[in-house]
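**Student:** below: sequence and its predicted model.
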Protein chains: 2
Amino acid sequence: MDLGLLLNCIVQRDVIESPTMPPLFAIHETCLYADDLAAMERFYSAVLGLRKVSEMATRGLTLRVDAKSVLLIFNPNETRQPHAQVPAHGAIGAGHCAFSIPPDSLDEWRAHLSGHNVPIERDVSWESGAISLYFRDPAGNSVELIAGELWPA
Amino acid sequence: MDLGLLLNCIVQRDVIESPTMPPLFAIHETCLYADDLAAMERFYSAVLGLRKVSEMATRGLTLRVDAKSVLLIFNPNETRQPHAQVPAHGAIGAGHCAFSIPPDSLDEWRAHLSGHNVPIERDVSWESGAISLYFRDPAGNSVELIAGELWPA
């Protein structure tokens, strides 16, 4: 095998592993569920700085996280009903999602959460060197801020 | 206001809107729940091409999506139990998440899903020009592939 072909194989590793796999970029929508959408909007705006970019009547709302991804908050009592355009879904109980933060912002985040009377449920130092802060949103979902790399590449 | 100050204000808009907001990068972990973790691993590997990078015993597993984000699959029967290190969570019922795909891969994805006997539940053309394909994972979660821009920037 010549060097050019070898390099091509390395770059196209996924294609070789699975010749028919179409391309997939990233996670675009992450969802959490809550009965009280207004309380969620206030919390994610004031505490996490996310901006609402869309509303789906009483079904849910869309919060912009970065250029490539959004956080959707849905009322499961609404979204579990059959809908003309989109499939039904809707979970009950505490969900979970995590946001990445710069490692040098950890103390700032601890003070910020405290300033908003949001108790830090766990403050975990992982073997990888990453640190996680866990707290609850108004619906009881477990929200995590991760500083550093937690999962293998 | 001089031009330099104006540009600085535009760049630092979030800081001006909320002077005490610490920085937040992106969504790092998105979660779905399932009782049968092995079935989920097979599905997300074969159908979506995601690679398992970690296992949390019988609690869950971690699938790498891109350099910045992972999809976590948790067994809610396990994760709702009190844990020494991390907070309890775990939802019951169909969750939802969406992945972004290149617009020119839509037909390839339709054929790929069909080839894996995964029925497309809805194939939606949005007003924005984006197109969504919806299907179910083995746990009944609603999975979506989005080609194009669906939400306001």
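**Tutor:** All right, it came through fine.

**Student:** all contacts plus neighbour counts: C-alpha atoms, from now on.
**Tutor:** Will do.

**Student:** phi, psi of residue A:74?
**Tutor:** Main-chain dihedrals, residue A:74, degrees, to the nearest 10: phi -120, psi 150.

**Student:** name the nearest residue to it, ignoring sequence neighbours.
**Tutor:** residue A:60 (4.1 Å; Cα to Cα, 6 or more residues apart in numbering or on different chains).

**Student:** what segments of chain A are strands?
**Tutor:** A:26-33, A:51-56, A:60-66, A:69-74, A:96-101, A:122-125, A:131-136, A:142-147 (DSSP state E).

**Student:** the shortest one near chain B at all?
**Tutor:** The one in question is strand A:122-125. Yes - Strand A:122-125 lies within reach of chain B by Cα under 8 Å from any Cα of the partner chain, at A:122, A:124.

**Student:** strands paired with that strand, and their directions?
**Tutor:** Strand A:122-125 pairs in its sheet with strand A:131-136 (antiparallel), by DSSP bridges.

**Student:** with the second one instead?
**Tutor:** In the sheet, strand A:51-56 lines up against strand A:60-66 (antiparallel) (DSSP bridges).

**Student:** pLDDT of the partner strand, averaged?
**Tutor:** Over the span of strand A:60-66, the pLDDT mean works out to 96.

**Student:** try stretch A:133-147
**Tutor:** 98.

**Student:** also stretch A:87-101?
**Tutor:** Averaged across stretch A:87-101, pLDDT comes to 98.

**Student:** still on that earlier bit, now that the residue nearest to residue A:74 has come up, it's in contact with residue A:80, right?
**Tutor:** No - counting by Cα atoms under 8 Å, residue A:60 sits too far from residue A:80 to count as a contact (12.0 Å).

**Student:** residues in contact with the spatially most central residue of chain A?
**Tutor:** What sits nearest the mean C-alpha location of chain A, by Cα atoms, centre = their mean, is residue A:97, with 4.6 Å. For residue A:97, the contact set (Cα atoms under 8 Å, 6 or more residues apart in numbering or on different chains) comprises A:30, A:142, A:143, A:144, B:27, B:28, B:29, B:30, B:31.

**Student:** among these, which one sits closest to residue A:56?
**Tutor:** residue A:30 (15.5 Å; Cα to Cα).

**Student:** list the contacts of residue A:140.
**Tutor:** Per Cα under 8 Å, 6+ apart, neighbours of residue A:140: A:93, A:94, A:95.

**Student:** wouldn't residue A:32 be in contact with residue A:92 here?
**Tutor:** No - contact between residue A:32 and residue A:92 fails when scored by Cα under 8 Å: they sit 9.8 Å apart.

**Student:** look at residue A:57 and report its pLDDT.
**Tutor:** At residue A:57, the pLDDT recorded in the model is 88.

**Student:** from chain B, how far off is it?
**Tutor:** Distance of residue A:57 to chain B, given as Cα to the nearest Cα, to the nearest Å: 15 Å.

**Student:** equivalent analysis for residue A:147, please.
**Tutor:** Residue A:147 is 10 Å from chain B, by Cα to the nearest Cα.

**Student:** shouldn't that residue be in contact with residue A:106?
**Tutor:** Yes - using Cα under 8 Å, residue A:147 makes contact with residue A:106 at a distance of 7.2 Å.

**Student:** if we can go back for a sec, residue A:60 and residue A:80 - which one has more neighbours?
**Tutor:** A count of neighbours by other Cα atoms under 10 Å in any protein chain shown puts residue A:60 above the other of residue A:60 and residue A:80, at 22 against 17.

**Student:** who are the contact partners of the more buried one?
**Tutor:** The contact partners of residue A:60, taken as Cα under 8 Å, 6+ apart, are A:37, A:72, A:73, A:74, A:75.

**Student:** distance of the closest residue to residue A:119 other than its chain neighbours relative to residue A:120?
**Tutor:** Of all residues beyond its chain neighbours, the one nearest residue A:119 is residue A:135 (6.3 Å), with distances taken as Cα to Cα, 6+ apart. Distance of residue A:135 to residue A:120, given as Cα to Cα, to the nearest Å: 5 Å.
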